[in-house]
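S.K.: Give me coordinates for this.
(2 chains)
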Number of protein chains: 2
Amino acid sequence: MLDLDRCRQFDADDPLARFRDRFAAPEAGTIFLDANSVGAMPKDVPARAARLWQLWVEQRRRGWTVSDWLEKPSLLGASIAHLIGAQPDDVIVTDNTSINLFKLLSLALRLRPERKVVLTEPGNFPTDLFIAQGLARYLGGQVEVRAIDRRDALLDAIGADTAVVYLSHVDYRTSYRWDMVEVCRRARAAGALTLWDVSHAAGAIDVDLEGSGADLAVGCTYKYLCGGPGSPALLWIRKEHQKREWPTIAGWMGHADLFAFASDYEPAPGIMRQLTGTPAVIADELVAGAFDLWREVRKDELVAKHRSLSETLKALLEQECGDLGVAIDSPADYERQGGHVAFRHAHGGPVCEALLDAGVVGSFRKPGVVRFGLGPLYLLHEDCWIAAQRLKEILETETWRDPKYQKVSV
Amino acid sequence: MLDLDRCRQFDADDPLARFRDRFAAPEAGTIFLDANSVGAMPKDVPARAARLWQLWVEQRRRGWTVSDWLEKPSLLGASIAHLIGAQPDDVIVTDNTSINLFKLLSLALRLRPERKVVLTEPGNFPTDLFIAQGLARYLGGQVEVRAIDRRDALLDAIGADTAVVYLSHVDYRTSYRWDMVEVCRRARAAGALTLWDVSHAAGAIDVDLEGSGADLAVGCTYKYLCGGPGSPALLWIRKEHQKREWPTIAGWMGHADLFAFASDYEPAPGIMRQLTGTPAVIADELVAGAFDLWREVRKDELVAKHRSLSETLKALLEQECGDLGVAIDSPADYERQGGHVAFRHAHGGPVCEALLDAGVVGSFRKPGVVRFGLGPLYLLHEDCWIAAQRLKEILETETWRDPKYQKVSV
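M.R.: Model (predicted):
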């Protein structure tokens, strides 16, 4: 039996509690459980932006040389490498997730030229599926996107024709987490590569790209990683693959000698060749607000906190709301769960809208899950308690029946 | 003979002079002639950013629906369409120039499947060349990038094997401006497409994509268009080509029904299919600071002002510094000149460094041009006078010989 005191005790024992004050506080009483959409804003973002305005006003083109604008993609990557099991020089922050998926999927196909199957699941995130379908269409009959629904069937389908197993580490609806080690083992045994989208995992759960034997990965930075709405995305390549091919999008920033203004492309030695054009300077500076915090966070502490928040929330949802029609949809085994906790309710959409009005920000995804995304650096166990209490009250009083809650936002 | 009074008279008669106060003022005495690298910061950028911080802090994921975050790419495109001769619904702001070049070059090749030549010049901007080389390599023998140095020879080379003529409207060194009408006419006659990079033109000179008969165009927004360092780029497609193929990078934001979370890609009806992943929300909001100004600017006024600044600057450089070794490198005919004025001097690099110290920000490009980029919304003719006087003094006193000026910045 969990109560408020117990939740507060968890918070008192939390080594990451010290970070909460380094994020801007929302309106009093609001509980943001939408780290799976947009993470919280680090407090020093406005000051960082102000410094950048100053550079823009006073330095203009000299900013390219007096500042670290051009190094930011690699500096940022290095800041969070430890959270995703990457070496610091194997990850960059650049472009967006869709573009990075395109770069790495096209690379994977190039690295396995004799194979044509991209193996994925139909419930993969839309943009992941679309990028594969678009590339397949562009390349004509050279590529086949094969989407297999059942997980064991998908693993069994990995074979001699599989170029790449192409999955999201965590399902954006149910929060199911693939066993990355097992998938990579099966893929490797068949000579196939793996390309992972860690958007719903990085900054929340234990992601260990190198240790799991993954080959390629992308992920967004505006969810759990708190980089700000629309911030640039991660791109990781296992070192042994980095130099084997030119990048598909061979841009200026990926050239071996940036300011030679050469006429012929020569790729930069390692991961840097995957940069494209001018980096998103302002966005990068704001991402750094969060990534400077992440530098101070040990992964084991992060994972312990996220697990504790998840298990507390799941226990509270069952204890307080189980009799009111709430059924946890995300895996019971934490090792199979991603960044958010998902639950079903027969009227999940209206319930989610009523929660918004009650100051609990979650999100609803068809056909019927409510998602609570858990940001470990700024949430307390007490927040989980409050959210569960507000949900309980909504269900008991059936306020979700109000006509204004029947139109469900995205 | 031009003198300071005459320059001031030009300024008094300038209908765009009203915009100068809407840009943040640099340190007193600094003359920024680097609109070709990073344009000036509109004064309201900090206030716009502050509103966005508030949304990030208070609304988080609701920002996706309560704000115009997802519509910004098309709203921004519509704001400056009139400056580049585009219909408002034919241009979007998204990703960066290199990525947009990749999208449109791959589209052009798809639209001309029976042809394999990408015709360009070896002096095209590096990223433009690299993108073509990278795509050609990815597609193997299906594409040939043919770079021809002499302009008349390039035009004569347009033939039955040419898929696309692939040029920068303005040369980033000399400021030579291609005659877009003539190139498009020659290309069309041969059944080839044209793809233009208007980075060194948009927001400065007369760009008329539709009227010139162009097919495809990209351009950056952080130079003359003042969108901020690393801001997202333009992408334009003539309406008749927009729906003919899927985008090469088929991302979520280009889907016909964004929030259906479909498993199968279905392209959005028009230009919107060229969007990729989540838009760069913060960068977009800052771009809007400048683009809201551009909405108020008539293209004929813009062109008249830029022409007047250019001719004043060229006349002053010749009048004041012609005997001191300065030779204008950009075309004498304004109709063939782009956004910046380029001049040669035997010691251009050190002279450019000495100018920086004297508060005149230009830039140097090997092997020997100094570039002064002219931003018509915030520069005065008097600025041109002051810059020429400072250059004259540097040349007369030979301060550029100081050892500290021998290392030339980029």
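
S.K.: Could you tell me which residues of the stretch 151-300 of chain A lie near chain B?
M.R.: Proximity of the stretch 151-300 of chain A to chain B, by C-beta under 8 Å from any C-beta of the partner chain, involves residues A:220, A:222, A:228-233, A:246-255, A:259, A:261-265, A:276-284, A:286. Bear in mind the C-beta positions are built from the backbone N, C-alpha and C, glycine included.

S.K.: What strands line up against the longest strand along chain A, and which way round?
M.R.: Longest strand in chain A, counting residues (DSSP state E): strand A:162-168. Paired neighbours of strand A:162-168 in the sheet (DSSP bridges): strand A:117-120 (parallel), strand A:193-197 (parallel).

S.K.: and those, which is most packed in?
M.R.: Comparing these by mean neighbour count (mean count of other C-beta atoms under 10 Å in any protein chain shown), strand A:193-197 ranks first with a mean of 27.

S.K.: downstream neighbour of that strand in the secondary structure list?
M.R.: Once the chain leaves strand A:193-197, the next helix or strand it forms, by DSSP states H and E, is helix A:209-212.

S.K.: contact partners of that following helix?
M.R.: A:84-87, A:90, A:180-181, A:184, A:196, A:198, A:217, A:236, A:238 (C-beta atoms under 8 Å, 6 or more residues apart in numbering or on different chains).

S.K.: could you redo the last one with a cut-off of 6 Å?
M.R.: A:Ile84, A:Gly85, A:Ala86, A:Met180, A:Val181, A:Cys184, A:Ala217, A:Trp236 (C-beta atoms under 6 Å, 6 or more residues apart in numbering or on different chains).

S.K.: if I pick A:Ala217, what's in contact with it?
M.R.: By C-beta under 6 Å, 6+ apart, the residues touching A:Ala217 are A:Trp196, A:Val198, A:Leu209, A:Trp236.

S.K.: Find the helix or strand that the residue of the stretch 1-150 of chain A found nearest chain B is a member of.
M.R.: Using C-beta to the nearest C-beta, the single residue of the stretch 1-150 of chain A nearest to chain B is A:Gly134, 2.6 Å away. Using DSSP H and E, A:Gly134 falls within helix A:126-138.

S.K.: so how far is that helix off the chain centroid?
M.R.: Relative to the chain's own centre, helix A:126-138 is displaced by 19 Å; criterion: C-alpha atoms, centre = their mean, to the nearest Å.

S.K.: Could you pull up the mean pLDDT of that helix?
M.R.: For helix A:126-138, the mean per-residue pLDDT is 97.

S.K.: quick one: contacts of the helix or strand following that helix?
M.R.: Following helix A:126-138 in sequence order, the next helix or strand is strand A:144-147 (DSSP H and E). Contact with strand A:144-147 is made by A:Lys116, A:Val117, A:Val118, A:Leu119, A:Thr120, A:Glu121, A:Pro122, A:Ala132, A:Gln133, A:Ala136, as judged by C-beta under 6 Å, 6+ apart.

S.K.: any idea which of those is the one closest to B:Gly270?
M.R.: A:Gln133 (19.5 Å; C-beta to C-beta).

S.K.: Can you pull the phi and psi angles for the closest residue in space to A:Leu275 that isn't next to it in sequence?
M.R.: Nearest residue to A:Leu275, sequence neighbours excluded (C-beta to C-beta, 6 or more residues apart in numbering or on different chains): A:Met253, at 3.7 Å. Phi and psi for A:Met253, reported as degrees, to the nearest 10, are phi -70, psi -10.

S.K.: just A:Val370 next, same as before
M.R.: Torsion angles, degrees, to the nearest 10, at A:Val370: phi -100, psi 130.

S.K.: could the contacts of strand A:144-147 go into a markdown table alongside distance to B:Gly141?
M.R.: Output for these, formatted as a markdown table (distance: C-beta to C-beta, whole Å):
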| residue | distance to B:Gly141 |
| --- | --- |
| A:Lys116 | 19 |
| A:Val117 | 24 |
| A:Val118 | 23 |
| A:Leu119 | 28 |
| A:Thr120 | 29 |
| A:Glu121 | 35 |
| A:Pro122 | 35 |
| A:Ala132 | 24 |
| A:Gln133 | 25 |
| A:Ala136 | 20 |
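
S.K.: Redo the strands paired with strand A:162-168 as JSON lines? Include distance to A:Asp44.
M.R.: Formatted as JSON lines, the strands paired with strand A:162-168 follow (distance: least, C-beta to C-beta, whole Å):
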{"stretch": "strand A:117-120", "distance to A:Asp44": "39"}
{"stretch": "strand A:193-197", "distance to A:Asp44": "29"}
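
S.K.: And the next helix or strand past the lowest-mean-pLDDT helix or strand in chain A?
M.R.: In chain A, no helix or strand scores lower on mean pLDDT, DSSP states H and E than helix A:63-66, which sits at a mean of 86. Next along the chain after helix A:63-66, taking DSSP H and E as the criterion, comes helix A:72-80.

S.K.: ok so, going back, what lies in contact with the helix holding A:Gly134?
M.R.: Outside helix A:126-138, the residues that reach it (C-beta under 6 Å, 6+ apart) are A:98, A:101-102, A:105-106, A:118, A:143, A:145, A:197, B:246, B:248, B:250-252, B:261, B:263, B:265, B:277.

S.K.: Check the burial of the residue lying closest to A:Arg22 once chain neighbours are set aside by counting its neighbours.
M.R.: Excluding the flanking residues, the one nearest A:Arg22 by C-beta to C-beta, 6+ apart is A:Lys43, at 5.5 Å. Neighbourhood size, A:Lys43 [other C-beta atoms under 10 Å in any protein chain shown]: 15.

S.K.: what's the distance between A:Lys43 and A:Ala24?
M.R.: 5 Å (C-beta to C-beta, to the nearest Å).

S.K.: again, but for A:Leu135
M.R.: Counting by C-beta to C-beta, the gap from A:Leu135 to A:Ala24 is 39 Å.

S.K.: Looking at these two, which is more packed in?
M.R.: Higher neighbour count among A:Leu135 and A:Ala24: A:Leu135, with 22 against 18, using other C-beta under 10 Å.

S.K.: so how far is B:Arg177 from that one?
M.R.: For A:Leu135 relative to B:Arg177 (C-beta to C-beta), the value is 36 Å.

S.K.: swap in A:Asp34?
M.R.: 49 Å.

S.K.: The residue nearest to A:Ala160 when sequence neighbours are not counted: how many residues sit nearby?
M.R.: Leaving aside its sequence neighbours, A:Ala160 sits nearest to A:Ala190 (C-beta to C-beta, 6+ apart; 6.6 Å). A:Ala190 has 16 neighbouring residues, counting by other C-beta under 10 Å.
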